[in-house]
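*Asks:* Just a sequence and a predicted model for now, questions to come.
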Amino acid sequence: MEPILGAHLSIAGGYYKAAEAAGRIGFQAVQIFTKNNNQWAGKPLSESDQEQFRAAVAAHGLVPPIAHNSYLINLATSDPVLRQKSIDAMVIELERAFRLGVPHVVAHPGCFVDGDEETGLRLIAKSIDEVFDRTGELPTTIALETTAGQGTSLGWRFEHLQAIIERVAHPERTTICVDTCHVFAAGYALAPKRKYMATMRELDRAVGIERVVAVHINDSKKPFGSRVDRHEHIGRGFLGDEPFRLLLQDRRFRNVPMILETPKTINPETKTEWDVVNRERLLMLAGRK
């Protein structure tokens, strides 16, 4: 069975364009922004937006799409104005995702900025509770993403995610997205196999591997433990091939969409899109090509 591969793709020109691009490349999954990720407000979703996107997903045989929230949102901030703005924006993200047929919205947990780690974790859980209180009729989950640990960002330790999940009132709507670049940069080894297995045991012990609904499958431009978030094409960075081989052949992730978030440029060697090159390399590492 092939892994479920996909990429974060542009919604420019219409949401359906992302699904069509995924199908054209040969992906089975797609991740999108539900609106411009660098703006608080978004143009209202039309019936046509929803119908065309859902139809394109079905036409290309894609699994249920994944969304990523706006980078402006910070659920850990102690600034009451920014925190409320972030909560309001997160509510909108879940509502838009639901209307587009997206079951999970990936979110960076947040940065505590002028507070401390413990206060930040408490505020994230409190913020999520408010978001879920306001979207109680929706099944959409918030998929907390593992982070690289830059600055005061939280989520770079699996225990951070555990602390949030243990605090929220609705843990069933709180899922996990694992980013390979971030995990590596945060200091969790993904190779050789014994270290990969040790990292996965830590993840399972903290949050439960069954809670993982998406994997961001990226190499890293920066070295192990750097706590710097810089994505690189598969096999071209500090991770190399082995972590991806182990991940792709790990039966526990067989049904989990693996999403590329690598630069959208043309590979100068093959003259094709990097998404095409990365997909082929991942299939080779999975033993499927």
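*Replies:* Here it is on my side, so go on. Numbers count the residues shown, from 1 in each chain.
*Asks:* Model confidence for the closest residue in space to residue 26 that isn't next to it in sequence, exactly?
*Replies:* Closest residue to residue 26 apart from its sequence neighbours, by CB to CB, 6 or more residues apart in numbering: residue 279 at 6.3 Å. (Glycine included, C-beta is placed from N, CA and C.) Per-residue pLDDT puts residue 279 at 98.
*Asks:* Tell me how far residue 279 lies from residue 46.
*Replies:* The spacing between residue 279 and residue 46, counted by CB to CB, to the nearest Å, is 31 Å.
*Asks:* neighbour count winner among the two?
*Replies:* Legend: neighbour count by other CB atoms under 10 Å for residue 279 and residue 46, higher for residue 279 (20 against 10).
*Asks:* surely that one meets residue 6?
*Replies:* No. With the criterion set as CB atoms under 8 Å, residue 279 and residue 6 do not qualify as a contacting pair; they are 9.0 Å apart.
*Asks:* what do these two both touch?
*Replies:* Common neighbours of residue 279 and residue 6, counting by CB atoms under 8 Å, 6 or more residues apart in numbering, are 27, 260.
*Asks:* Quick check, residue 22 in contact with residue 29.
*Replies:* Yes. Taking contacts as CB under 8 Å, residue 22 lies within contact range of residue 29: 7.0 Å.
*Asks:* and those two? which has more neighbours close in?
*Replies:* For residue 22 and residue 29, the more surrounded residue by other CB under 10 Å is residue 22, and the numbers stand at 27 against 22.
*Asks:* other SSEs contacting the helix or strand hosting residue 259?
*Replies:* Under the assignment given by DSSP states H and E, the secondary-structure element containing residue 259 is strand 258-260. Based on contacts counted as 3 or more CB pairs under 8 Å, 6 or more residues apart in numbering; DSSP states H and E, the elements that strand 258-260 packs against are strand 5-8, strand 29-33, strand 212-216, helix 274-285.
*Asks:* Buried residues in it, which are they?
*Replies:* Buried residues in strand 258-260, counted by 16 or more other CB atoms under 10 Å: 258-260.
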